[in-house]
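[1] no sequence on this one, just coordinates:
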Ligand SMILES: Nc1ncnc2c1ncn2[C@@H]1O[C@H](COP(=O)(O)OP(=O)(O)OP(=O)(O)O)[C@@H](O)[C@H]1O
Ligand SMILES: [Mg+2]
């Protein structure tokens, strides 16, 4: 067993290649290593490039999602981590252990102790109870009966199936069976969960519930999760970081926000172009410092204070916004010969929180008036000009357009 230094990363892949075919270290490997694309290698060597110089690391406690189209190498990457397959080149470190060098009993023990796996489709023993199914892995490990039943019950409680412990699998819905699978992986309390399209067979509503529940469980257990999906929305929702794979290589690794607002390649841009970027940009990134208007000001003075902004708020003694002066309102009242500030103020303004997303305020912004950004105490901490929302989203749009031009021109 070789030890490697790998910082905080619990899983690390370094320069990993996987070539499928009779000669995984032959010409196909040389071509891939020389930088040829998967298609090109296949055409010239009749070997399939599963992984093409894969490098990533997953930190302890992180949900790391690998996303990509069918055939991009997601399962191959995951299976290299528990050595369900043998890689052609490179290192796979798990908790400091060079996994690909493990054999036989040592490998089995390592997998059992460190990792739980959840697949899209997995077999449950039909004639054993849900609890026995969950406990089965522990039985194989020689854990005494009492102890494994306790662990199974705990795991079932975690996934909300405590009441079904003595039911048979056929008495469970698809979603519940998937939960049994998750409980089975959790029962041995592994540090790492490997989940390959674990929710993909579920219908959308159940799937979304499972995602929520997994995030809830994770907030308590803090496992290290390598999660695979071909669904971008699922990836963006549950991933602390998302890794986008294409043809056995990585196009980008980043937070949901980075992927959505700073796509690194035309391929990623194409993937995310239909997603609403506003949901990952917070109001506080688009608001400006409020410069409240004094209540004692005349309308002319207040208009001068607004300058070229769309409007400003006046606040009460607590600093809470109580009125909004917009430029058009002020100019209209003034043109009627009235210089009284109160006559031009409106109370029907929108409020939001600094951590709301731009999508949350998008409809409100459609009124074209500034939105008051208030903190927990209701105090004004920012003014959100609707034009800034468009400005922010426009930056992302421009980035996308640039990629599109690169691809098509
Ligand atoms: N046992 C195998 N023998 C030959 N080629 C394989 C084998 N397993 C995978 N491949 C090839 O390796 C590439 C990556 O496959 P992989 O199963 O990792 O993709 P994936 O991203 O998990 O796809 P999916 O979303 O369909 O599950 C594909 O081109 C596939 O055809
Ligand atoms: Mg797969």
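    Received, thanks. Since the structure is predicted, the reported quantities are computational estimates derived from the model, not experimental observations. Ligands and ions are numbered 1, 2, ... in the order given.

[2] from here on, contacts and neighbour counts on C-alpha atoms
    OK.

[3] ramachandran angles for the residue in the stretch 251-400 of the chain that ligand 1 sits nearest to?
    For the stretch 251-400 of the chain, the residue closest to ligand 1 is residue 251, as judged by Cα to the nearest ligand atom, at 13.6 Å. Phi and psi for residue 251, reported as degrees, to the nearest 10, are phi -90, psi -40.

[4] how much space is there between the residue nearest to the spatial centre of the chain and ligand 1?
    Geometric centre of the chain, nearest residue: residue 239, 2.7 Å, by Cα atoms, centre = their mean. Per Cα to the nearest ligand atom, to the nearest Å, residue 239 is found 17 Å from ligand 1.

[5] also residue 150?
    Computed as Cα to the nearest ligand atom, the residue 150 to ligand 1 distance reads 34 Å.

[6] in terms of helices and strands, where is residue 243?
    strand 241-246 (DSSP states H and E).

[7] for the residue of the stretch 251-400 of the chain closest to ligand 1, give me its contacts.
    The contact partners of residue 251, by Cα atoms under 8 Å, 6 or more residues apart in numbering, come to 243-245, 264-265, 267-268.

[8] pLDDT value on it, please?
    Reported pLDDT at residue 251 in the predicted model: 96.

[9] numbering from 838 from now on, please.
    OK, 838 is where the count begins now, so the last one is residue 1088.

[10] how about stretch 1041-1058: buried residues?
    For stretch 1041-1058, a neighbour-count test (16 or more other Cα atoms under 10 Å) marks 1044, 1047-1048, 1050-1052, 1055 as buried.

[11] relative to the whole chain's centre, how far out is it?
    Put simply, stretch 1041-1058 sits 13 Å off its chain's centre (Cα atoms, centre = their mean, to the nearest Å).

[12] next one: stretch 1209-1216
    Worked out by Cα atoms, centre = their mean, stretch 1209-1216 lies 29 Å from the chain centre.

[13] cool, and stretch 871-879?
    Average the C-alpha atoms of stretch 871-879, do the same for its chain, and the two points are 30 Å apart (Cα atoms, centre = their mean).

[14] can you give me the end-to-end distance of that stretch?
    Using Cα to Cα, to the nearest Å, the end-to-end distance of stretch 871-879 comes to 14 Å.

[15] how about that stretch: buried residues?
    For stretch 871-879, by 16+ other Cα under 10 Å, it's 874-875, 877-879.

[16] do stretch 877-888 as well
    For stretch 877-888, burial by neighbour count (16+ other Cα under 10 Å) applies to 877-879, 882, 884-888.

[17] do me a favour and get the end-to-end distance for that stretch?
    14 Å.

[18] now swap in stretch 892-908 and tell me
    Its start and end residues considered, stretch 892-908 measures 18 Å (Cα to Cα).

[19] now the spatially closest residue to residue 879 that is not a sequence neighbour. Its backbone dihedrals?
    Counting by Cα to Cα, 6 or more residues apart in numbering, residue 879 lies nearest to residue 885, which is 5.5 Å off, once chain neighbours are set aside. Dihedral angles of residue 885 (phi, psi; degrees, to the nearest 10) stand at phi -100, psi 130.

[20] next one: residue 1038
    The phi/psi pair for residue 1038 (degrees, to the nearest 10) reads phi -90, psi 0.

[21] what of residue 1221?
    Per degrees, to the nearest 10, the backbone of residue 1221 is at phi -110, psi 110.
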